[in-house]
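> have a look at this fold, sequence not included:
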């Protein structure tokens, strides 16, 4: 479970800015939902997609009844990464460290500056020098959470436990190696350090995102995610657009013969290249679910 927690911290990267326009999905109060039903286009029974918030404090954590009911109605539970696959956990462990030290990639001045920044995160360069850029970014995720690590819950992990208990088939939309490659492409060491400098701003953004998520307010999530301070066009393409397009290529096969319940970071749902409009463009009926 310790390894899964580390992966959970890293995958907070999936909660990031999105390139949507509110008009593209005709967002209004009637479809303020993070649970969506997929039907039509030859499907024998509906599948479901829920937007998740990877890490939440216990006091903010809630899985709505309709989400649990949708999971119960489904044959498969599909996550971004299949955390039950031992091979994926091994890959994740390898990705957390690197043979190339952080200090060797920086000038003495840059290393000194980073060491000062890291003090705000309760560590120093010497302690994390052999860590990967992904591990360094995870520090930002950890600090942004407004509660001690002992009080955090991982949304997908809670769903996974129920899926295992209910003997669902567990699948993943991508491999750890693919996700880490994407993160490396989007956030190199220098850009990660630049993000670490904005720790306080992330804390404010995180709290606002939590409230929007709890209220299933997709319009507010859109507005918050669009903040250009935290994501540029290149990062958006790597972290969202490319991954969404890859996922939508394999989702139809997962829905064809059995009902699947997809749990992905909330930022992947909306926008011109979001999962929902991409599936709609393939001929599926995708509609918000208020209750089941």
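Great, that's in hand. Predicted model only: the values in this text are computed from it and were never measured. Numbers count the residues shown, from 1 in each chain.
> by mean pLDDT, flag the weakest helix or strand of this structure.
Considering only helices and strands, the least confidently modelled element of the chain by mean pLDDT, DSSP states H and E is helix 2-10, at a mean of 44.
> residues near residue 283, how many?
By the other Cβ atoms under 10 Å criterion, the neighbourhood of residue 283 contains 10 residues. C-betas here are computed from N, CA, C, even on glycine.
> tell me the contacts of the residue lying closest to it once chain neighbours are set aside?
Distances taken as Cβ to Cβ, 6 or more residues apart in numbering put residue 41 closest to residue 283, at 4.3 Å, once the chain neighbours are dropped. Shown here is residue 41, whose contacts under the criterion Cβ atoms under 8 Å, 6 or more residues apart in numbering are 252, 282-285.
> dump these to a markdown table, plus distance to residue 183, secondary structure and pLDDT.
Listed next are the contacts of residue 41 as a markdown table, based on distance: Cβ to Cβ, whole Å; DSSP: H, G, I helix; E, B strand; the rest coil; pLDDT from 0 to 100:
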| residue | distance to residue 183 | secondary structure | pLDDT |
| --- | --- | --- | --- |
| 252 | 26 | helix | 97 |
| 282 | 27 | coil | 96 |
| 283 | 32 | coil | 97 |
| 284 | 29 | coil | 98 |
| 285 | 33 | strand | 97 |
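> which parts of the stretch 51-200 of the chain are strands?
Per DSSP state E, counting those that start in this stretch, the stretch 51-200 of the chain carries strands over the ranges 55-57, 76-79, 152-154, 169-172.
> quick one: strands adjacent to the second one?
Meaning strand 76-79. For strand 76-79, the pairing partners within the sheet under DSSP bridges are strand 169-172 (parallel), strand 260-265 (parallel).
> for the protein, identify the residue most remote from the centre.
Taking Cα atoms, centre = their mean, the residue of the chain most remote from its mean C-alpha position is residue 108, at 34.2 Å.
> so what pLDDT did that one get?
Reading off the confidence values, residue 108 has pLDDT 93.
> before we move on, what about the one 10 residues further on?
The model reports residue 118 with a pLDDT of 92.
> on that earlier part again, of the strands of the stretch 51-200 of the chain, which stretch is the most buried?
Highest mean neighbour count of these: strand 76-79, a mean of 22 (counted as mean count of other Cβ atoms under 10 Å).
> so where is the stretch 1-150 of the chain shaky, pLDDT-wise?
With pLDDT under 70 as the threshold, the stretch 1-150 of the chain has low-confidence stretches at 1-31.
> one more pass at 90, please.
Across the stretch 1-150 of the chain, the ranges flagged by pLDDT under 90 are 1-32, 53-55, 83, 88-100, 120-122, 128, 130-150.
> could you pull out the helices in it for me?
Ranges of helices in the stretch 1-150 of the chain, per DSSP state H, counting those that start in this stretch, are 2-10, 65-73, 86-95, 108-119, 125-128, 133-144.
> give the other helices and strands that the fourth one contacts.
Looking back up the chat, that one is helix 108-119. Here helix 108-119 touches helix 125-128, helix 189-196, going by 3 or more Cβ pairs under 8 Å, 6 or more residues apart in numbering; DSSP states H and E.
> going by neighbour count, list what's buried in the longest one.
Think helix 189-196. Using 16 or more other Cβ atoms under 10 Å as the burial criterion, the residues of helix 189-196 that qualify are 189, 192-193, 195-196.
> would JSON lines of these with distance to residue 212 and pLDDT be doable?
Listed next are the buried residues of helix 189-196 as JSON lines, based on distance: Cβ to Cβ, whole Å; pLDDT from 0 to 100:
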{"residue": "189", "distance to residue 212": "31", "pLDDT": "87"}
{"residue": "192", "distance to residue 212": "25", "pLDDT": "87"}
{"residue": "193", "distance to residue 212": "28", "pLDDT": "89"}
{"residue": "195", "distance to residue 212": "21", "pLDDT": "84"}
{"residue": "196", "distance to residue 212": "24", "pLDDT": "88"}
